[in-house]
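Trainee: I'd like to go over a predicted model; first the sequence, then the structure.
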Amino acid sequence: MGHLDHAAYGWLTPALSYVMASIGAALGLRCTVRALAATGTSRRNWLLTAASAIGTGIWTMHFVAMLGFDVIGTEIHYNVPLTILSLLVAMAVVGAGIFAVGYGRSPRRALVLGGLTTGLGVASMHYLGMAALRLHGEVSYDPLTVGLSVAIAVVAATAALWAALHIKSPLAVAGASLVMGAAVSSMHYTGMLAVAVRVTPSEVALPGATATQFIFPLAVGLGSYLFITAAFVALSPTADERAASASAQKLGERAAAH
């Protein structure tokens, strides 16, 4: 069996991946809070932004963590189409859960269905990303540890959707996002504990792209998207702020009329 190193750069990749997961969660929760206070196309747009933020945060967390993954005795490449598919899956399944919460008539039913769908989707994203690995050897998984990682993903997703429904204040959202970031990171590293690699040394060139050629630039790009979107959300007025502005404008118009 090949020796696996899950933190080849020390605490850098685990810490940075946790930060990305927490930022995505915080942004997604804030967008969901905005969505639940809105109607029509505005609600839909906020929910789409929330889904893209959380999905991007989860995917970026996974692959930033994978930058620190190393197997002694073989290079590691990534299949590009499968890696991109894992990103699309992350956004799609998170979107399904977020929209279930945003438009569900029964909050409890929407929470259970959305949490299960999103959790299984997050786990699918993780293992699709792992399926994209190309190395000289054979990758295998411990079924019990895989099952545990899936359970953690479902619990984390359900907790995230519950927070989206019940947590409103910015301080509470910040706290919830830190917990969600820890849950997503725990799911990832639990899933990685299930991995075993039997290395078969070879001089044949591996297909796919290296992490520095593909994963790192894409992660940087998606991380930039999260920061830009966070700035946009922070500068956008909330429903209460818009209501207060409209009320002040009406009072001004009445005063001018008199």
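Mentor: Perfect, I can see it now.
Trainee: ok, and the closest non-adjacent residue to the spatially most central residue of the chain?
Mentor: The chain has Ile58 as the residue nearest its centroid, 2.2 Å off, counting by Cα atoms, centre = their mean. For Ile58, ignoring the flanking residues on the chain, the nearest one in space by Cβ to Cβ, 6 or more residues apart in numbering is Ala90 at 5.3 Å. Glycine gets a C-beta too; all of them are placed from N, C-alpha and C.
Trainee: any idea how far Gly137 is from Thr145?
Mentor: 19 Å (Cβ to Cβ, to the nearest Å).
Trainee: of the two, which one has the most company?
Mentor: Using other Cβ atoms under 10 Å, the more surrounded residue of Thr145 and Gly137 is Gly137, with 18 against 15.
Trainee: a helix runs through the residue nearest to Ile58, doesn't it?
Mentor: Yes. According to DSSP: H, G, I helix; E, B strand; the rest coil, Ala90 belongs to a helix.
Trainee: count the residues that sit near it.
Mentor: 30.
Trainee: distance of Leu226 from Gly114?
Mentor: Separation of Leu226 from Gly114 (Cβ to Cβ) stands at 22 Å.
Trainee: same deal with Tyr103?
Mentor: Counting by Cβ to Cβ, the gap from Tyr103 to Gly114 is 10 Å.
Trainee: got it, and Leu133?
Mentor: 30 Å.
Trainee: and for Leu218?
Mentor: 27 Å.
Trainee: more crowded one of the two?
Mentor: Higher neighbour count among Leu218 and Gly114: Gly114, with 28 against 20, using other Cβ under 10 Å.
Trainee: low-confidence stretches in the stretch 101-250 of the chain?
Mentor: Filtered on pLDDT under 70, the stretch 101-250 of the chain yields the residue ranges 234-250.
Trainee: can you pull out the strands in it?
Mentor: Here the stretch 101-250 of the chain has its strands, by DSSP state E, counting those that start in this stretch, at 133-135, 137-141, 195-199.
Trainee: indicate which one of those is closest to Gly208.
Mentor: Smallest distance to Gly208 across those (Cβ to Cβ): 4.5 Å, for strand 133-135.
Trainee: partner strands of that closest one, parallel or antiparallel?
Mentor: Here strand 133-135 is paired, per DSSP bridges, with strand 76-78 (antiparallel).
Trainee: mean confidence score for the strand it pairs with?
Mentor: The pLDDT scores in strand 76-78 average 92.
Trainee: list the buried ones in it?
Mentor: By 16 or more other Cβ atoms under 10 Å, the buried positions in strand 76-78 come out as Ile76, His77, Tyr78.
Trainee: which of the residues you listed sits closest to Arg198?
Mentor: Arg198 has its nearest neighbour among these in Ile76, at 14.6 Å by Cβ to Cβ.
Trainee: rewinding a little: out of the strands of the stretch 101-250 of the chain, which gets nearest to Pro207?
Mentor: Pro207 sits nearest to strand 133-135 of all these, at 5.5 Å, using Cβ to Cβ.
Trainee: residue ranges for the helices of the chain, please.
Mentor: Counting by DSSP state H, the chain has helices at residues 12-36, 40-66, 80-103, 107-131, 143-166, 170-193, 216-235, 239-257.
Trainee: what comes up buried for stretch 172-187?
Mentor: Neighbour counts over stretch 172-187 (16+ other Cβ under 10 Å) mark Val173, Ala176, Ser177, Leu178, Met180, Gly181, Ala183, Val184, Ser185, Ser186, Met187 as buried.
Trainee: thought Val122 was touching the residue nearest to the centre of the chain, still the case?
Mentor: Yes. Under the criterion of Cβ atoms under 8 Å, Ile58 makes contact with Val122 at 5.9 Å.
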